[in-house]
Each structure stands twice: as structure tokens, then as C-alpha cells.
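Enquirer: Provided below are the primary sequence and the corresponding predicted coordinates.
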Amino acid sequence: MLVNGLSSIMRSSFLLKGSKLSSKQHHLLTTLISKNFNQKRFNHSNSNNNEINLIEKQNNIIQMMVEKKLMNGLNNELGVKLLKLNMIPNKQDNLFIQMSMTITKQHLNAIGLVHGGSLSTLIDTAIGTGAFIYANQFLQGKGMVVLDSFTQFIKKASINDELIVIAKPSHLGKTTQIWEATIYLGDPSLNIKIAQSKSTILNTDNNKIENKEEENKNVNKLGRNFNINKMSKEEIANRFDKYSEQWEFLTTISDYQKNVISWIIKELKQYSNNNILLESNLKVLDLATGSGLVGRSIDNVLKQKVKDFEMIGLDISKGMIQKAKELNIYHNLFVHDLDNFITCLNENESFDFITCFGVTEMLKDINNVLLPEIKRLLKKDDKSQCWISFQFNNGTNSAIHQGMRNYSLEQIQDMLKRNNLKLLEYTILDNAYLLPSTSGEIQPVPFCIVKCCHQM
């Protein structure tokens, strides 16, 4: 696998298209990798020094390939250079990519400051390099694509400053990776931070979806033989257990991440600017957690804004809960059906922020169970909010699929009012995601997303 992965890197155009290795160079590097890898795998009598030398040789081979790619395109124009790396894992926390860039006039924007795009390119190159090597080298030649990236600029840089970025993974999975990177001014040991960033990576198959028909087949995986009116709760949970391993992929091709998660991220940033105090504590409840798509966005945007952060998640699917657990962002996770009262939490527990996405359409009685529970668990102040999505009845059949329930704006307003929840604002997403209708045709599913709080 290592041989095939590294050979693929030599042939690939990751980072930016560069000069090709000659067939002789390609053969030489492949032979070296094969020899070193087989030696590491099968010769258990080697000393620790031999083991270290072997890892160094393998890293040197990877470094040669990365350096060739950096000699071309935007990275070459910006002067991005590879300093050192370790991509032969013994432990996850040992993996890293370290690169540098010296600030010149071409890095400045129109008003003479270092362009944020220059810093973002340095970060993206380091993270992208590490993520691609991991996906291609250790996941049977897979590729990768960035799902989201959050960058915080801390301190300004000036002309002639040498910036050094260090990128490390905090999660390496079969489906996703999470990498964090920090740009330092000069020697990283001085801990002068210019910017820091966190990116979520989706590991992808290199066989691309070639046409709409093939894409629709994948979207249909979400709807095949799925009708909540004909399924027991156990059957629904089992179905989502099966979906859990491919959930990142399925929610990407169905446009859920592009339309719903992107909206959540945008609104979270606005919410944090208006409501979150740096010295405050924030306790979050993520209902219908799934694989942690919403929770990951909350963690990325809000966690850095507060002094203490705690997030709890609930979902009907054990498989989804396991995927969410792998993100290492939840204080606690519970398997729970939201058609039942929430007894897994402490009786007097309350939350500053509650989210509930992609589940009301599958619940039997949100008016008498879910909404009263949200009211009970949401803190009674003017800053605490709950965000809830409803499949929206816009007067067409676009939301009729799989037995899902949909609601008009008047119905939503009435349910909130009856539960003494104040509607702060609502947003209609005409295309929250794509799913097969009752006729089998792929159609957009509209959402009405509401923000609410206690009626004070």
C-alpha cells in the first residue's frame, strides 16, 4: 500500500502541476520505497537505530517529491519552501509538515499589509500536502478535498519576516481527517503566532463521478426503501447505522454540506460576534447529532471565542454516535430517540445554545415532546438560542418523499407560540439538499430554519 501510494504521489499533480519525474527517477524511488517498506514490515530484528534510519529514508523520499511540486506555480511565486516533515506514522501526534515563506512586496495587498490570501496559501499548502500524502499513502490511493477551513489571524507580519507554518493532524480516519496549522514569526520555539487554522478533509475515491446519472444513483442511496411511515424506530436507527460510514460523502453529493452546513457556519460567525463574550462559558446541546457535521461547525467557530466550552450530542443511531465520537469534540454523547423525553441528561441541566437539524421531519409529535424539551433545556435569558430546521411546505410536492413530515410557516409559528418559544427569525432554503421524491426523481428539499428563544 505504501509503495502504490507514494508512486501515485509521484504521478499526481497535487499542490500545483509541476515537472514530471523521469521514468528512471520513478523506478529508482519506487525501488527504494519498496525496499525500505518491506524491510520495516518484515525484519523485526532491526535495532531502534535502524528503525529510525529507515523512517528518515522514507521521509527523505517523500520530501524530494514535495520539493519538486513546490518549484512550480503559485507556491513558487510566493516562495513557499518545505523545511521538514514526518509522514511515516508511528503515532498520530508525530506526523507534521513544516514549511516557510519570507514576506516580500508581492505578498502585500493594495494598502501595504500582508495579504490574507498569502498566509492562507501557506497554511493550505502545508495542510493539503499532509492530508493528501496520508490519504494517498495509507488509504489505498485515495484522494482528498477540503470540506471546511477556519483561519484566525492573530498578529500582523512585515516585509522580510520569515514565517514558518507547522501543520499536524488531530484526527485521521478512513472517511475524514482534521488538520490544524499555526504560522509562527521566525523560530516556532519563540511561540509568536501570526495565524492559526483548522481544516476538515474528506478522503475521496479518485474515480470521479462522471455524469449526472451516476451522481443521482449515489443520492438514491439515501432514499432506497426508506419510508418512515413503514419503518420501526429500530429499522430507522439501523439504516442510519449503515449510512454512517459514508455520511460525509452522501451529505456532500446531496448538497447538504454546501447548502445547510455552509449556512450554519455563516450564521454561527454572526452569532458569535453578537452574543459570545470571550470570558464566558458556553454549553451546547446538539440534537440529532448524526456524524457531527453541525457540532464540528460549532466547535470550529464558537469554541475559540469562549473561556470554557462543553458540547453534548444525542442521536438515534449508534453508528452515527461512533462517527461523532471520533471527532473528539463532544464532552458526552448519548443514543436517544427524540420522540421520547430526554432522560439521559441531568434533571436540572440547561444549555446556552441548542441545535436541532434534519430530524423534525422524522418525528411523530414535536409539538408535545421535542419542543417542550427544548424549552425545558434552554437557559432562560435573552442570549440563549435554539436553531431548528423543519422540512418546509412551500405549496409544492418538492418535500414529499420517504414519508417525511413537512410544515408551513404558519404551523411552525403556531407550535413555537404554544410552547412559549419566541421566534427571533427564520430562513427559507429552497434547496437544503437533494433527495428522491415518491416518483424516484431527484428533487430539492426545502427547509425552514428558525432561531428561537424563551418568551421573556
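Expert: The structure has been received and is ready for your questions. Numbering: from 1, shown residues only.
Enquirer: ok, Cys453 touching Glu425?
Expert: No. Contact between Cys453 and Glu425 fails when scored by Cβ atoms under 8 Å: they sit 10.7 Å apart. Every residue, glycine included, has its C-beta placed from N, CA and C.
Enquirer: list the residues that contact both of the two?
Expert: Shared contacts of Cys453 and Glu425 (Cβ atoms under 8 Å, 6 or more residues apart in numbering): none.
Enquirer: And those two? Which one has more around it.
Expert: Each of Cys453 and Glu425 has its neighbours counted (other Cβ atoms under 10 Å); Cys453 has more, 18 against 9.
Enquirer: What strands line up against the host helix or strand of that one, and which way round?
Expert: Here Cys453 sits within strand 442-454, counting by DSSP states H and E. Its sheet considered, strand 442-454 pairs with strand 385-391 (antiparallel), strand 421-436 (antiparallel) by DSSP bridges.
Enquirer: Compare those strands and give me the one nearest Phe351.
Expert: Nearest to Phe351 among these is strand 385-391 (8.6 Å), distances taken as Cβ to Cβ.
Enquirer: can you pull the buried residues of the helix or strand that that closest one is followed by?
Expert: Scanning forward in sequence from strand 385-391 by DSSP H and E, the next helix or strand is helix 409-418. For helix 409-418, burial by neighbour count (16 or more other Cβ atoms under 10 Å) applies to Leu409, Ile412, Met415, Leu416.
Enquirer: Now do helix 409-418: everything it contacts.
Expert: 366-367, 371, 390, 392-393, 407, 422-423, 426, 448, 450, 452.
Enquirer: Distance to Gly73 and pLDDT added to the buried residues of helix 409-418, as JSON lines?
Expert: Shown next, in JSON lines, are the buried residues of helix 409-418 (distance: Cβ to Cβ, whole Å; pLDDT from 0 to 100):
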{"residue": "Leu409", "distance to Gly73": "49", "pLDDT": "94"}
{"residue": "Ile412", "distance to Gly73": "50", "pLDDT": "96"}
{"residue": "Met415", "distance to Gly73": "54", "pLDDT": "97"}
{"residue": "Leu416", "distance to Gly73": "52", "pLDDT": "97"}
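Enquirer: Identify the residues contacting the residue nearest to Leu268 when sequence neighbours are not counted.
Expert: Counting by Cβ to Cβ, 6 or more residues apart in numbering, the nearest residue to Leu268 once its immediate chain neighbours are dropped is Val301, at 4.2 Å. Contact analysis of Val301 by Cβ under 8 Å, 6+ apart lists Phe150, Ile265, Leu268, Lys269, Ser272.
Enquirer: picking that back up, tabulate the buried residues of helix 409-418 (JSON lines), appending distance to Glu180.
Expert: Putting the buried residues of helix 409-418 into JSON lines (distance: Cβ to Cβ, whole Å) gives the following:
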{"residue": "Leu409", "distance to Glu180": "41"}
{"residue": "Ile412", "distance to Glu180": "39"}
{"residue": "Met415", "distance to Glu180": "41"}
{"residue": "Leu416", "distance to Glu180": "39"}
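Enquirer: which stretch in the strands paired with strand 442-454 has the least confidence?
Expert: The weakest mean pLDDT among the strands paired with strand 442-454 belongs to strand 421-436, with a mean of 90.
Enquirer: export it as CSV, just CAs?
Expert: Extracted in CSV, the C-alpha atoms of strand 421-436 (Å, rounded to 0.1, in the frame of the first residue of the first chain):
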residue,chain,number,x,y,z
LEU,A,421,-40.8,30.0,22.4
LYS,A,422,-40.2,33.3,20.8
LEU,A,423,-39.4,33.3,17.0
LEU,A,424,-36.4,35.5,16.5
GLU,A,425,-36.0,35.0,12.8
TYR,A,426,-36.4,32.4,10.1
THR,A,427,-34.7,31.5,6.8
ILE,A,428,-36.1,29.6,3.9
LEU,A,429,-33.6,27.4,2.0
ASP,A,430,-35.4,26.4,-1.2
ASN,A,431,-32.7,23.7,-1.8
ALA,A,432,-31.5,22.4,1.5
TYR,A,433,-30.4,19.1,-0.1
LEU,A,434,-31.3,16.7,-2.9
LEU,A,435,-33.3,13.5,-2.3
PRO,A,436,-35.5,11.2,-4.5
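Enquirer: can you pull the buried residues of that strand?
Expert: Leu421, Tyr426, Leu429, Ala432, Tyr433, Leu434, Leu435, Pro436.
Enquirer: Leu370 versus the second one, what's the distance?
Expert: Relative to Leu370, Tyr426 is positioned 17 Å away (criterion: Cβ to Cβ, to the nearest Å).
Enquirer: Next: Met71.
Expert: Separation of Met71 from Leu370 (Cβ to Cβ) stands at 57 Å.
Enquirer: Does Leu327 lie in a helix or a strand, and which?
Expert: Residue-wise, Leu327 maps onto no helix or strand under DSSP H and E.
Enquirer: what number of residues lie near it?
Expert: Leu327 sits with 20 neighbouring residues when counted by other Cβ under 10 Å.
Enquirer: and the contacts of Val301 as JSON lines, adding distance to Gln443, neighbour count and pLDDT?
Expert: Output for the contacts of Val301, formatted as JSON lines (distance: Cβ to Cβ, whole Å; neighbours: other Cβ atoms under 10 Å; pLDDT from 0 to 100):
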{"residue": "Phe150", "distance to Gln443": "32", "neighbour count": "17", "pLDDT": "87"}
{"residue": "Ile265", "distance to Gln443": "25", "neighbour count": "18", "pLDDT": "93"}
{"residue": "Leu268", "distance to Gln443": "28", "neighbour count": "21", "pLDDT": "93"}
{"residue": "Lys269", "distance to Gln443": "30", "neighbour count": "15", "pLDDT": "89"}
{"residue": "Ser272", "distance to Gln443": "34", "neighbour count": "17", "pLDDT": "86"}
